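Give me a model of this one.
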Amino acid sequence: MATLTTEQRLAISAAIQRELSRRNVEIPVGANGVDYLVQVVDDQQEAAEIAVIGGLPNGPGKSWLLNNAEIGREIIVFVESKRLELL
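The predicted model follows:
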């Protein structure tokens, strides 16, 4: 799995700031703080993905996900979206 590039992180940070501004949500940490939050969340997501895949028992499922990282991410995102719907 790979983290986002610096350019991707900055683009996400800018998009977050635009969305929160559109919704009139005050951001108490400033632009650099939002950039940092995006970096930390991305790094933590990377660690979580590694932990999920690493925690699987050895076998064809784990091998398949290791060789198809994009599918592994899709599964993680799908499960996370369903969890959010239930919370």
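
Okay, helices next: where are they in this protein?
Secondary structure of the chain (DSSP state H): helices at 6-22, 30-55, 60-67, 69-86.

can you list the ones you listed in a markdown table and add mean pLDDT and mean neighbour count?
C-beta: built from backbone N, CA, C; applies to glycine. As requested, the helices of the chain are exported to a markdown table (pLDDT from 0 to 100; neighbours: other C-beta atoms under 10 Å):
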| stretch | mean pLDDT | mean neighbour count |
| --- | --- | --- |
| helix 6-22 | 95 | 13 |
| helix 30-55 | 90 | 13 |
| helix 60-67 | 88 | 12 |
| helix 69-86 | 87 | 11 |
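
Quick check on the residue at the greatest distance from the centre of the chain: phi, psi?
Ranked by distance from the centre of the chain (C-alpha atoms, centre = their mean), the top residue is G59, with 25.9 Å. Phi and psi for G59, reported as degrees, to the nearest 10, are phi 160, psi -170.

What of N24?
Torsion angles, degrees, to the nearest 10, at N24: phi 60, psi 40.
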